[in-house]
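> prediction below, plus the sequence it came from.
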Amino acid sequence: MKKFILMFAAAALLGSYSASAQDVKAKKAEVKKAKTSKQLPKVDGVGLFVENETIDYGTINQGANGAREFVITNNGTQPLIITNAIGSCGCTVPTFPKEPILPGKTAVIGVKYDTNRVGPFQKTVTITSNATSGNSKILTIKGTVNAKAAEAPKS
């Protein structure tokens with residue numbers, strides 16, 4: 001009988017420990033979600049929120065990797081559809097998701113600048129979508145490309 005009572009008490013303690021461990025995991029998940037999901041303005045309809053509308057390359061070397069990414073979030077209640085992304089010149093090539101971005105989800109608008117062009121630059125990418133706030137959004141890239149140092153002649 002004592003063994004039965006001890007086993008019952010151990011099972012009860014283990015069950016309450018398991019439940020409290022699940023509560024702790026759930027609370028940690030809530031905290032993590034709150035930290036990662038910034039308080040975005042909510043939109044009734046289709047939302048298009050860009051984390052950073054300008055990317056500053058800073059000073060980079062000629063021929064360096066010119067690829068960067070804009071992170072976008074659908075902060076609305078309906079799917080966001082990006083229909084086009086156009087660079088302001090041939091030196092700026094954007095890419096965009098072809099599938100709808102569901103409410104609360106994020107996606108990436110890629111942009112690649114031709115870093116063989118030396119000097120300061122400021123270019124735009126125009127995003128066309130079905131967003132409720134307006135069907136276009138202008139994103140900017142800027143920076144300066146330094147020329148490669150001249151190679152010493154081989155002797």
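Nice, thanks for sending it over. Residues are numbered from 1 along each chain as shown.
> got the contact list for the nearest residue to Asn52 once chain neighbours are set aside?
Counting by CB to CB, 6 or more residues apart in numbering, Phe70 is the residue found nearest to Asn52 once chain neighbours are left out, at 7.0 Å. Bear in mind the C-beta positions are built from the backbone N, C-alpha and C, glycine included. Phe70 is in contact with Val50, Glu51, Asn52, Glu53, Ile55, Val108, Ile109, Gly110, Val111, Val125, Leu139, counting by CB atoms under 8 Å, 6 or more residues apart in numbering.
> what's the closest of those to Leu40?
Glu51 (9.5 Å; CB to CB).
> what is the burial count for that closest one?
12 (other CB atoms under 10 Å).
> measure it to Lys112 for me?
Using CB to CB, to the nearest Å, Glu51 is found at 19 Å from Lys112.
> same deal with Thr77?
In this view, Thr77 and Lys112 are 33 Å apart by CB to CB.
> try Gly90
Taking CB to CB, one finds Gly90 at 11 Å from Lys112.
> so these two - more neighbours on which side?
Ranked by neighbour count (other CB under 10 Å), Gly90 and Lys112 place Lys112 first, with 16 against 7.
> may I ask which helix or strand encompasses that one?
Under the criterion of DSSP states H and E, Lys112 resides in strand 106-113.
> list the buried ones in that strand?
Buried residues in strand 106-113, counted by 16 or more other CB atoms under 10 Å: Ala107, Ile109, Val111, Lys112, Tyr113.
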